[in-house]
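K.L.:
Dropping the sequence and predicted coords here.
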Amino acid sequence: MTRSASKSTVKPRLDHSHVRALLKGMIRIRRFEGKCAELYTQQKIRGFLHLYDGEEAVAVGVMTALDARDRVVATYREHGHALARSVPMTTTLAEMYGKAEGCAGGRGGSMHLFDAAQNFYGGNAIVGGGLPLATGLALADKMEKSDAATVCFFGEGAAAEGEFHEALNLASLWDLPVLFVCENNGYAMGSALSLTEAETEIAIKARSYKIQSETVDGMDVIAVEAATRRALQAMRESGEPYFLECRTYRFRPHSMFDAQLYRPKSEVDEWRKKGPIVRFQGWLEQNGLLHKDEIEAIVAEVDAEIDEAVAFAEAGTDAPLSSLTDFVMAPKRPAPPKTKKPGKLLDTTYREAIKSAITDAMERDNRVFLMGEDVGHYGGCYAVSKGLLDKFGPDRIRDTPLSEAGFTGAGIGAAIAGMRPIVEVMTVNFSMLALDQILNTAATFRHMSNNQFGVPVVIRMATGAGKQLAAQHSHSLEGWFAHIPGIRVLAPATLEDARGMLWTALEDPDPVLIFENVMLYNMEGKLAANAGPVDIDRAIVRREGTDISLITYGGSLWKTLEAADALAADGIEAEVIDLRSLRPLDKPTILASVAKTHRALIVDEGWKTGSLAAEIGMQIAEDAFFDLDAPLARVCSEEVPVPYAQHLEAAAIPQVPRIVEAVKALMERRP
């Protein structure tokens, strides 16, 4: 960190203007939330509505101490955070109405408020889901040598989530400037903390990760502000994380659907008597710092602002239906790379092609870095990154803990902040542990934020069977990920694509997942010394043919080409299409081939039920049915967990004889 805070910034200055601003900030949130509850009963605000009543001192106390450059990650109960961070009340309420004028264009709603101008990175509806994101934002600032801090709000219920522990461990391990703010209101939805946590002091959990921690009276706005200023001073001087557990209470239900049967009304009444506004306003009046007429003026100002916000939201417009698919992906993407005449051909392997792509990218762009399990000192599980630690150092070749959700989320956060991370998930099986971050954050962030934030992250993982690794290490889940809007899914099968697709993916403004089949890493071949980026949106015809279209990708490409050669000996000329990109699918190339051959067989290492092959077949049926002279067919993995025994494993996944047999059966079918 480059800047140290002066002692004058640590303690709040309780002059007239400051205490007035603190009180107004809390009254503003409280009265806004009251209006929202009223609008909800009128069905003008729909979906879930989680009100912040009772917790105002936390948002106001923390936000008052922040600078404009500091980043904020909120929770689904984030109206108070947004207002305290100067997100306009007008656009906040319009968003809750689902209007185009909302701060996220009506795409996020009550739980997902975004405002890039205020460095407000939105609420997160997944409990604990914002914690890894915050570590990634802070990682970007650390790598860029910024002295900004990232503040992450979450409830005490998040302390039971794995992402809580993964994020705190990573922040402490890497000395990331994250201020973790736990708003402990005593109830995770309807369960009291004592019923869900063996250790109910959340700050103790943070200290177990060697993070400096405080427990603060979250009903005292001055105490929260003072603690935040202490934390920020320590963070800006050391660059290390800090943890505040703010003991607070929500006066309203968990959401407007909540009947609150889990707590007595008397408990709520007792807490209201010591609420943050009651306490602070009473103290100000008692000490003559604010008088009754000034407080009445504050209420009048706030009510006028609320009236303006309601009028703004009521006058808001519905986004046109034509905008439904806007910002699923970036509206502007780099032009497809130009092909160039190949240079001298060099002997290499699939593994070395990927390694050279990573090396070139890191030499071209200082924002590129590699992170994942054992990518540094070990050299990568499949030796792809061997030697890169010595070349680029531990700042850019980052060994991570075995915490897929944590480090994948951190990579996503770093990408949102402008870095170009390559996240290596050791194997596709482990990606299930990171699915929350991929599905709920990376794939949705651009769309939910109305194009305010993009996620240019590249996530690589090994996939496929054939090495006798048994059921838990032999999945082919590419088709699962290809189901998700908002991401690109690639499956390079050649040396050229192994190198060039990674190059192009790193220049893409959206999240890209690259699946590398484990059976290809040792594949040898020739690669041009000047090999560069390749188009990641287009399939390619690897073998011309006239009798049938064989559609495949990844490790199955080479089996399919071998089958095509065997079929040619019997007079059947098969055209082989290498999909390369599984999302988006290059439908024109597929349909053009089917229009020529009038038959199609899809080879997919995924299971047949719900497979990518099923999707491709349906698209052909929808758009090229009358071009077909025979039924569609597919060769997929058997519907079993992949066995360990070699002969059973081989029988479980597509092999050349099965492909040949399926083609011959189709050729016997006549129109």
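P.N.:
Cool, got the structure.
K.L.:
ok, residue 158 to residue 632 distance?
P.N.:
47 Å (C-beta to C-beta, to the nearest Å). Yep, even glycine has a C-beta here, placed from its N, CA and C like the rest.
K.L.:
and if you look at residue 626?
P.N.:
13 Å.
K.L.:
neighbour-wise, which of the two wins?
P.N.:
Using other C-beta atoms under 10 Å, the more surrounded residue of residue 626 and residue 632 is residue 632, with 20 against 7.
K.L.:
With adjacent residues omitted, what lies nearest to that one?
P.N.:
residue 617 (4.5 Å; C-beta to C-beta, 6 or more residues apart in numbering).
K.L.:
per-residue pLDDT, the nearest residue to residue 230 once chain neighbours are set aside?
P.N.:
Leaving aside its sequence neighbours, residue 230 sits nearest to residue 10 (C-beta to C-beta, 6+ apart; 5.8 Å). The model reports residue 10 with a pLDDT of 76.
K.L.:
Offset the numbering so it begins at 884, please.
P.N.:
New numbering, starting at 884: the last item is residue 893.
K.L.:
Could you count how many residues lie near residue 893?
P.N.:
Around residue 893 there are 16 residues (other C-beta under 10 Å).
K.L.:
Now do the same contact list for it.
P.N.:
Counting by C-beta atoms under 8 Å, 6 or more residues apart in numbering, residue 893 makes contact with 1109, 1112-1113, 1116.
K.L.:
same thing with residue 1178?
P.N.:
Applying C-beta under 8 Å, 6+ apart, we find residue 1178 in contact with 906, 1164, 1168.
K.L.:
same check, this time on residue 1527
P.N.:
Applying C-beta under 8 Å, 6+ apart, the residues contacting residue 1527 are 1351-1354.
K.L.:
at 7 Å instead, please
P.N.:
1351, 1353 (C-beta atoms under 7 Å, 6 or more residues apart in numbering).
K.L.:
From residue 1405, how far out is it?
P.N.:
From residue 1527 to residue 1405 the distance is 21 Å (C-beta to C-beta).
K.L.:
Now do the residue nearest to residue 1515, the pLDDT please.
P.N.:
On pLDDT, residue 1500 comes in at 97.
K.L.:
what comes into contact with the helix or strand hosting it?
P.N.:
Taking DSSP states H and E as the definition, residue 1500 sits inside helix 1495-1507. Applying C-beta under 7 Å, 6+ apart, the contact partners of helix 1495-1507 are 1361-1362, 1365, 1434, 1465, 1468, 1470, 1473-1474, 1477-1478, 1483, 1485, 1487, 1489, 1515, 1517, 1519.
K.L.:
same thing but at 8 Å, please
P.N.:
1361-1362, 1365, 1434, 1465, 1468, 1470, 1473-1474, 1477-1478, 1483, 1485-1487, 1489, 1491, 1511, 1515, 1517, 1519.
K.L.:
Going through those, which ones are buried?
P.N.:
Those of these that meet the buried threshold are 1361-1362, 1365, 1434, 1465, 1468, 1473-1474, 1477, 1483, 1485-1487, 1489, 1511, 1515, 1517, 1519, by 16 or more other C-beta atoms under 10 Å.
K.L.:
Where strands are concerned, which of the residues you listed count?
P.N.:
Using DSSP state E, the subset of the buried ones among the contacts of helix 1495-1507 located in strands is 1434, 1465, 1483, 1485-1487, 1489, 1517, 1519.
K.L.:
Give me every residue in contact with stretch 1462-1476, excluding its own residues.
P.N.:
For stretch 1462-1476, using C-beta under 8 Å, 6+ apart, the contacting residues are 1361-1362, 1364-1365, 1367, 1370-1376, 1380, 1384, 1419-1424, 1432, 1434-1436, 1458, 1460, 1483, 1495, 1498-1499, 1502-1503, 1506-1507, 1510.
K.L.:
Packing partners of the longest helix that the chain contains?
P.N.:
Across the chain, the longest stretch assigned as helix under DSSP state H is helix 899-924. Applying 3 or more C-beta pairs under 8 Å, 6 or more residues apart in numbering; DSSP states H and E, we find helix 899-924 packed against helix 939-947, helix 962-967, helix 972-979, helix 1104-1121, helix 1159-1169, helix 1175-1197.
K.L.:
Can you check which of these gets nearest to residue 1444?
P.N.:
Nearest to residue 1444 among the helices and strands packed on helix 899-924 is helix 972-979 (51.9 Å), distances taken as C-beta to C-beta.
K.L.:
just how off-centre is whichever helix or strand comes after that closest one within its chain?
P.N.:
The helix or strand immediately downstream of helix 972-979 is helix 1013-1026, counting by DSSP H and E. The gap between where helix 1013-1026 is centred and where its chain is centred comes out at 12 Å by C-alpha atoms, centre = their mean, to the nearest Å.
K.L.:
Need phi/psi at residue 1268.
P.N.:
phi -100, psi 20 (degrees, to the nearest 10).
K.L.:
before we move on, what about residue 1074?
P.N.:
Backbone geometry at residue 1074, expressed as degrees, to the nearest 10, gives phi -110, psi 120.
K.L.:
If it is in a bridge, with which residues?
P.N.:
Counting by DSSP bridges, residue 1074 forms beta bridges with residue 1071.
K.L.:
Is it correct that it is in contact with residue 1144?
P.N.:
No - using C-beta atoms under 8 Å, residue 1074 is not in contact with residue 1144; the gap is 11.9 Å.
K.L.:
More neighbours: which of those two?
P.N.:
More crowded of residue 1074 and residue 1144, by other C-beta under 10 Å: residue 1074, with 15 against 7.
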